[in-house]
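S.K.: Model the following, please.
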Amino acid sequence: MKWRLTGRYLLSIVLVVILVVISNIILLIGLAIVQTTLDVPIFQSNEISTEIFTRKFQNQITTSNNQVIITEKGKKELVDNKAWIQILDENGKEIYGYMTPKGVKKKYTPVESINLFKYKEANVFSTVFASEKIINDKHYSYFIGFNDPNINKTVFSYDSRHIVHIFKVGSLILLTLDGAIALLIGYLFSRKLTLPINKLIDRIKGLANKEYNEVLKPNGIYKDVIYNVNNLSHQLKANEIERKKLDKLKEEWIGNISHDIKTPLASIQGYAELMKDPEYQFSQEELREYAEIIERKSLYIKDVIEDLNLSTRLKNKDLSLNKKTINIVALLRNIIIDMLNDTKYSNRDIEFQYENENINMDIDDILLRRAINNLIYNAIVHNDENVKIIVSVEKIDKRTHIKIHDNGKGIKKEEIERIFERYYRGTNTGESHKGSGLGMAIAHDIILAHGGEIKVNSLVGHGTTIDIFL
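M.R.: Numbering: from 1, shown residues only. Below is the predicted model:
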């Protein structure tokens, strides 16, 4: 996998370099053809070249009194270009000269004329160009020499077949060398670039195998990617720890629920077996007592099963709310009255406070009653019998604020963060009040299902306040 990734990167670099080289060669050939055919100055500046200057200078050659001369403009151009001119007749003899240096011959044989044009004149240290002027059917040759040391020319001959062969061989050598250089550079860069990728691949494989402890050093061009992979590793590790805690809680919860269900089931089974035994004769009072116990235990089991079902449906958002307009003040008052009418809680100090007699809301009154019941019940079972519980309700702007406050034992900070978790039971719960462990989670999910918000504030030794906003 690692070498395959490096190989692909190398191949891509080599192909890119080869394509660039071929494109450059084709472009240069095309530009050369354009310049040759259209006479467009692509590879040189727009300034007139010395050869063109020499050819066009014939326009400055004229006659006066049957004498061949150059115009004043021509003289100025020669001075500006640091050049001199020598005009020859058809026999190669000088008939006019301007600014000619010492050592220039006055008469040339045809071979000498050719050599002067082809090669730099050693005696005058000038680069000479030649052209022709026809005046009155007479052919006059002229040389223009440039004294500028930057102006040079080279005359060479070549065989086109040899040039083609050189081009083929040179192109092959160029492509080979460029490919080798690209391969070397590509290998070095690919090692530099793919090494962190390989580390990332190994790290991701490790995450898949639940190896969360290794941390990569974020640097290079993949710094952000490595940082996010490390962050993902931390999150997965935290989630794994939390999952293990949850699994442990589930196991403990299942054990507790199994025990809590087995106990009333054992009572139900025991009393049922006792009642059906023909050897025993029970009075009507005893039968009613046993039936009451069986009913109470059955209701307890029913409540646990309902909690399980409701919690699952709330968690999976598979519960539709049956909303209708309800006076929330009346609902809370009835909840408190019903709880105080229960013989188990008739001696509890529960106070209800409100300012407006009517606060109407669109709610599912059955579910909201269940949530408030759970929250008040939680305040009861986690505190002593003398605890005071205050339930209040008020309208703040467009929201309804329900507060449940007690002056009891309070909740530890680490427990507050988990109070709404499923299967969690606080450490203050007494043995006689063990329930499903889902009451607070159910209350929390019901409030959220109504689009509300629930907050818990507590201080150990000073009590707990639960704020509900609907």
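S.K.: Where do the strands of the stretch 51-200 of the chain begin and end?
M.R.: Using DSSP state E, counting those that start in this stretch, the strands of the stretch 51-200 of the chain run over 61-64, 67-70, 83-88, 94-98, 127-135, 138-146.
S.K.: Redo those as CSV? Include mean neighbour count and distance to residue 418.
M.R.: The C-beta positions use only the backbone N, C-alpha and C, and glycine is treated the same way. Shown next, in CSV, are those (neighbours: other C-beta atoms under 10 Å; distance: least, C-beta to C-beta, whole Å):
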stretch, mean neighbour count, distance to residue 418
strand 61-64, 14, 108
strand 67-70, 16, 108
strand 83-88, 22, 99
strand 94-98, 16, 108
strand 127-135, 17, 96
strand 138-146, 20, 96
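S.K.: For residue 159, which of those is the nearest?
M.R.: Residue 159 sits nearest to strand 127-135 of all the strands of the stretch 51-200 of the chain, at 25.8 Å, using C-beta to C-beta.
S.K.: helices or strands up against the closest one?
M.R.: helix 50-56, strand 61-64, helix 110-118, strand 138-146 (3 or more C-beta pairs under 8 Å, 6 or more residues apart in numbering; DSSP states H and E).
S.K.: And for residue 229, nearest residue in space, chain neighbours not counted?
M.R.: In space, and not counting its chain neighbours, residue 229 is closest to residue 203: 5.7 Å by C-beta to C-beta, 6 or more residues apart in numbering.
S.K.: That neighbour in helix, strand or coil?
M.R.: At residue 203 the chain is in helix, as set by DSSP: H, G, I helix; E, B strand; the rest coil.
S.K.: residues contacting it?
M.R.: Residues near residue 203 by C-beta atoms under 8 Å, 6 or more residues apart in numbering: 214, 216, 229, 233.
S.K.: Give me the ChimeraX select line for these, limited to the buried ones.
M.R.: Typed into ChimeraX, the line below selects the buried ones among these, using 16 or more other C-beta atoms under 10 Å:
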select :216,229,233
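S.K.: Keep only those of the contacts of residue 203 that are in helices.
M.R.: If you go by DSSP state H, the contacts of residue 203 have 229, 233 in helices.
S.K.: Dump the contacts of residue 203 to CSV, plus distance to residue 272.
M.R.: Below are the contacts of residue 203 laid out as CSV (distance: C-beta to C-beta, whole Å):
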residue, distance to residue 272
214, 60
216, 65
229, 61
233, 57
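S.K.: quick one: the helices in the stretch 151-300 of the chain?
M.R.: Along the stretch 151-300 of the chain, counting by DSSP state H, counting those that start in this stretch, helices occupy 160-208, 223-276, 284-315.
S.K.: would TSV of those helices with mean pLDDT be doable?
M.R.: Below are the helices of the stretch 151-300 of the chain laid out as TSV (pLDDT from 0 to 100):
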stretch	mean pLDDT
helix 160-208	76
helix 223-276	79
helix 284-315	81
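S.K.: Indicate which one of these is closest to residue 449.
M.R.: Across the helices of the stretch 151-300 of the chain, residue 449 has its closest neighbour in helix 284-315 (6.6 Å, C-beta to C-beta).
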